[in-house]
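**Student:** Sharing a model prediction with you, sequence too.
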Amino acid sequence: MTIKLTSPTVVAAALACLLAASPAIAADYVQAPGSTLAFATKYDGEVFVGTFPGFTTQLSFDPANLAAGKLDVTIPLAGAKSGNADRDSTLQGADFFDVGKFATAHYRASGFRALGNDKYAADGTLELRGVSKPVTLTFTWTPGTQPVLKGQASVKRLEFGVGGGDWADTKTIPDETAISTVVNFKAK
């Protein structure tokens, strides 16, 4: 049996039904220049901020299909910079990042949640020093030809063995470390 679709209205209606039935596909992005990943904490009551230059991010994101989203961030730990050479050297040592054994940290999330007002949450897993723990990244998304993700998270350093030994005292260094990121993207 052959069906002839001669009417443009019928063809348009059939095409609209096919498009509506196809699942939304998340757009794939890679990190673009100008992105930052920072951490902030205190040492003896004084706030200090550091960055992780050289981190890389891949993202699959569509606000209309959050369940299909994926986020993958690789963080080279040896490059951590805090503006103080002695502190940076200590961060690389065995009591903190132990970069000789654990050169990178990794954050992965699959699926996102809408929080309202163009805010989202990625409930992912951070792998740091061989320990994997859940970490939620909350973020805003600015769409466009060069989209931007601005996010924040909190990491409990002692859960990952960061700042062990004499550095485990939370009066000297708090357990919670604030993480912030601004990631510029381009289409993959």
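**Tutor:** Received it, and whenever you're ready, just let me know what you need. None of these values were measured; they are calculated from a predicted model. Residues are numbered from 1 along each chain as shown.
**Student:** can you pull out the helices in this protein?
**Tutor:** Listed in chain order, the helices of the chain (DSSP state H) span 8-21, 85-92.
**Student:** Go ahead and name everything in contact with the last one.
**Tutor:** So the one you mean is helix 85-92. Helix 85-92 is contacted from outside by Tyr43, Phe48, Gly50, Leu77, Ala78, Ala80, Lys81, Ser82, Phe96, Phe97, Val99, using C-beta atoms under 8 Å, 6 or more residues apart in numbering. Every C-beta, even on glycine, is put in place using the N, C-alpha and C of the backbone.
**Student:** Could you find the closest non-adjacent residue to the fourth one?
**Tutor:** When the adjacent residues along the chain are set aside, Leu77 lies closest to Phe97, with 4.2 Å between them (C-beta to C-beta, 6 or more residues apart in numbering).
**Student:** Repeat that for the second one.
**Tutor:** Counting by C-beta to C-beta, 6+ apart, Ser82 is the residue found nearest to Phe48 once chain neighbours are left out, at 5.6 Å.
**Student:** and what of Phe185?
**Tutor:** Per C-beta to C-beta, 6+ apart, closest to Phe185 is Tyr29, 3.8 Å.
**Student:** what's that neighbour in contact with, if anything?
**Tutor:** Applying C-beta under 8 Å, 6+ apart, the residues contacting Tyr29 are Gln58, Leu59, Ser60, Phe61, Pro147, Phe185, Lys186, Ala187, Lys188.
**Student:** what would the residues you listed look like in TSV with pLDDT?
**Tutor:** Formatted as TSV, these follow (pLDDT from 0 to 100):
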residue	pLDDT
Gln58	98
Leu59	98
Ser60	97
Phe61	96
Pro147	96
Phe185	98
Lys186	96
Ala187	94
Lys188	88
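**Student:** related to what we said a few turns ago, just the closest of the contacts of helix 85-92 to Thr172, please.
**Tutor:** Of all these, Tyr43 has the smallest distance to Thr172: 6.8 Å, by C-beta to C-beta.
**Student:** I figured the closest one hits Ile173, correct?
**Tutor:** Yes: using C-beta atoms under 8 Å, Tyr43 makes contact with Ile173 at a distance of 5.7 Å.
**Student:** These two: who's more crowded?
**Tutor:** Ile173 (20 against 15; other C-beta atoms under 10 Å).
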